[in-house]
Structures are given as structure tokens and as C-alpha cells.
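Novice: Compute the structure for the input listed below.
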Amino acid sequence: MQIYHTLTPVEAPRGSAVALGYFDGVHCGHRQVLGAAVRYAAAQGLTPAAFTFELPGNQTLKGGRILSTRQKHRRIAELGIEQYLEPPFENFRALSPEAFVQQILVDCFRARAVFCGDNFTFGARAAGNVELLHTLCGRVGIEVHIVPMAQYGAQAVSSTRIRAALEEGRLDDANAMLGAPYAIDWQVTHGKGIGSSRLGTPTVNQNYPPDALQPCTGVYLTRIRLEDRWWPAATGIGRRPTVDDSAKAAVTCETYVPDFSGDLYGQAPVLEFHRYLCPVRKYPTLEDLAALIHRAAEDSKIYFAAQTVK
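Specialist: Numbering: from 1, shown residues only. So this is what the prediction gives:
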């Protein structure tokens, strides 16, 4: 997928089919919009493309971003998008709806068709809605396809619902709405070495940046991508009350990968969350904590072995 960070013409020699949206989380609703653009492009001999934007540097998403930028790009590319325009919001926020259609859809994409949800807005101060999009695009020969919102539990799928599910430990619901396992790929950092020196369970430390959504504290069955393969793992998110019960203890994200040893510092491996196992709590001894970690790791091996069999 070719990624552009400025308002520039993309490579679309025969025109493009463009998915429009912010795509936070790349959830089921976003996948329907992106997939519709990809399928239409394939049928019509067009280039599958997407338009989104970068938030201003001093702004963050309410509730935190669900995926890292790398994860977002990876998931969109896997859906078949080839040309991806992601300029800073400031670069086009002042455009009128008419200018948005001309300067972005026509000049940058040579769009022949656009795809969006029925709540899509565009132009300065969100002045344009899907009805106006139909009108303006019709004048320049661009088809407009409104994709119905995906449903889960008889309600529309949304990034807000996914955040709530992750924060409440409802990982099954979050993953169902995402259409893929929730995952992180934060850079591996040095921890305090307690797992290696005192517990016999060396961990991969991938702590959350301030602008990212942090899921419910607890122990999770996970898998991590290392050395071009997936490894079953157990991940704990929380303040580790057994080793540090102070009120100022930092929240950490630590993953024990049984059967793996290696130097991962500075790398950013993908870690997928598949099942919420139990809350974080204080154990009487370090031995009890180590037993939990080993038991969770064994549960993870069994879980993923069963998935492979299926």
C-alpha cells in the first residue's frame, strides 16, 4: 500500500474507488466500507484507495486510539487498499464541501466512485453530509455508495462501543466488533527484571503510550509475533500489586512467552489479545504469582493448539 502524507495526486491511471473515513480501529463497519471500495475497483478496473487524515499534533482521540498507526495501516493494506492518502487534518480542514470534492476526490484521486457510512461528514465544520456528497459528486461524474453500518448485538458497531468493551474486559465483544483480535505493537522496553531474576518468567515489556486506549487490567491469553511465527503467551496489564503495592506504581504490560529466549529490546512485535483470563490481584507470595503466570502460559498453549486443530 502506497501511503501519502500530503494532498497529492495518487497513482490511479484509470481512476479510483475511494473509501472515506477515519477508520479508528479498522472495525467491522470500516471493513465493510473499505471492502466495498476494493470489490468495486476490482470489478471496474480501478485503483482501490482510501482517504483519511492525521489528527493535529496537540490533539488525541477521546478515549485513546485503539490501534497504533502501524497496525491501522497494516490492517487496511490487508483488505486490499493500494493508494492511501493521510494528510494532516490542518491541510484541508478549511475546505468547503465543494472544494473538498474538487481538490481531493477529483484532483488527488481521479475518483470514479466513493464509499462511506451514512454518518459521514466532510468540509469545513462538517458542513457536508451524505446527501450533499451525492449532489456534489453527481455534478462531476462520481458515484456515491452509502454502506450500511455494521451491527453487533442489535446495535451499530462503533469505536466508542469497542473502547467500552476493552475497558470493561469484554474482549470477546471487542474482537467481534473489530473483526480481528485486538492487538498492540508498542516498542519493547526494559523493565525491572523481576520476571527474570525473581519469578523465573522473563517478560516482554510493551507499555502503553499516553494517547492509546488501555484495556481493562488483568491477565490475558495472547500470542506474539516473533521470528516470523506466532508464539502462545500470557500477558498481564496492571500495577503488579504482589511486587509493588504503592499507590504510585506504574501500570505495565508484560508478556511471558514460554519456550522463547532472545533480545527483543527496541523491537515492536505484534501482540494479539484473544481471551481475558482473570483480574490482577495481590498474591501472598512470589511463588504463587509465578504459578499463575506459568498456568496462564500453559492455558495459552492449549487454547492456540485447539484453534490450530479447528
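Novice: can you give me the strands in the stretch 201-310 of the chain?
Specialist: Secondary structure of the stretch 201-310 of the chain, counting by DSSP state E, counting those that start in this stretch: strands at 203-205, 218-226, 229-238, 252-256, 271-278.
Novice: Dump the ones you listed to JSON lines, plus mean neighbour count.
Specialist: From N, CA and C alone the C-beta is placed, and that goes for glycine too. JSON lines is the format used below for the strands of the stretch 201-310 of the chain (neighbours: other Cβ atoms under 10 Å):
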{"stretch": "strand 203-205", "mean neighbour count": "22"}
{"stretch": "strand 218-226", "mean neighbour count": "22"}
{"stretch": "strand 229-238", "mean neighbour count": "21"}
{"stretch": "strand 252-256", "mean neighbour count": "23"}
{"stretch": "strand 271-278", "mean neighbour count": "20"}
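Novice: among those strands, which is nearest Tyr4?
Specialist: Go through the strands of the stretch 201-310 of the chain one by one with Cβ to Cβ and the one that ends up closest to Tyr4 is strand 218-226, at 27.1 Å.
Novice: so His274 touches Trp230, yeah?
Specialist: No. Under the criterion of Cβ atoms under 8 Å, His274 is not in contact with Trp230, lying 10.7 Å apart.
Novice: Show the pLDDT at Gly195.
Specialist: If you check Gly195, the pLDDT there is 46.
Novice: Kindly apply the preceding question to Glu287 instead.
Specialist: At Glu287 the predicted local confidence, pLDDT, stands at 73.
Novice: quick check: domain ranges of the protein?
Specialist: Listed by automatic domain parsing, the domain ranges of the chain are 12-152, 181-309.
Novice: Throw those domains into a markdown table and include distance to His5, thanks.
Specialist: Compiled in a markdown table, these are given as follows (distance: least, Cβ to Cβ, whole Å):
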| stretch | distance to His5 |
| --- | --- |
| domain 12-152 | 6 |
| domain 181-309 | 18 |
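Novice: Please identify the most buried of those domains.
Specialist: When you average the neighbours per residue for each of the domains of the chain (mean count of other Cβ atoms under 10 Å), domain 12-152 leads with a mean of 18.
Novice: ends of it, how far apart?
Specialist: Using Cα to Cα, to the nearest Å, the span of domain 12-152 from its first residue to its last is 35 Å.
Novice: follow-up on the earlier one: can you put the strands of the stretch 201-310 of the chain in a markdown table and add distance to Asp107?
Specialist: Putting these into a markdown table (distance: least, Cβ to Cβ, whole Å) gives the following:
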| stretch | distance to Asp107 |
| --- | --- |
| strand 203-205 | 45 |
| strand 218-226 | 39 |
| strand 229-238 | 43 |
| strand 252-256 | 43 |
| strand 271-278 | 39 |
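Novice: Leu105 against Ile142, yeah?
Specialist: Yes. Under the contact definition of Cβ under 8 Å, Leu105 touches Ile142, with a separation of 6.1 Å.
Novice: Now list whatever residues contact both of these two.
Specialist: Shared contacts of Leu105 and Ile142, defined by Cβ atoms under 8 Å, 6 or more residues apart in numbering, are found at Ala111, Val114.
Novice: Overlap of the contact sets of His274 and Trp230?
Specialist: What both His274 and Trp230 touch, as defined by Cβ under 8 Å, 6+ apart, is the set Arg223, Phe304.
Novice: Low-confidence ranges, the chain, go.
Specialist: In the predicted model of the chain, residues 57-60, 191-201, 240-250, 282-286, 308-310 satisfy pLDDT under 70.
Novice: quick check: longest helix of it.
Specialist: helix 286-309 (DSSP state H).
Novice: Check which helices and strands it sits against.
Specialist: Contacts defined by 3 or more Cβ pairs under 8 Å, 6 or more residues apart in numbering; DSSP states H and E place helix 286-309 against strand 218-226, strand 229-238, strand 252-256, strand 271-278.
Novice: Rebuild those strands as a markdown table, extending it with distance to Thr135.
Specialist: Written out in a markdown table, the entries for those read as follows (distance: least, Cβ to Cβ, whole Å):
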| stretch | distance to Thr135 |
| --- | --- |
| strand 218-226 | 46 |
| strand 229-238 | 48 |
| strand 252-256 | 48 |
| strand 271-278 | 43 |
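Novice: Gly262 is nearest to which of those?
Specialist: Closest to Gly262 of the helices and strands packed on helix 286-309, according to Cβ to Cβ: strand 218-226, at 7.2 Å.
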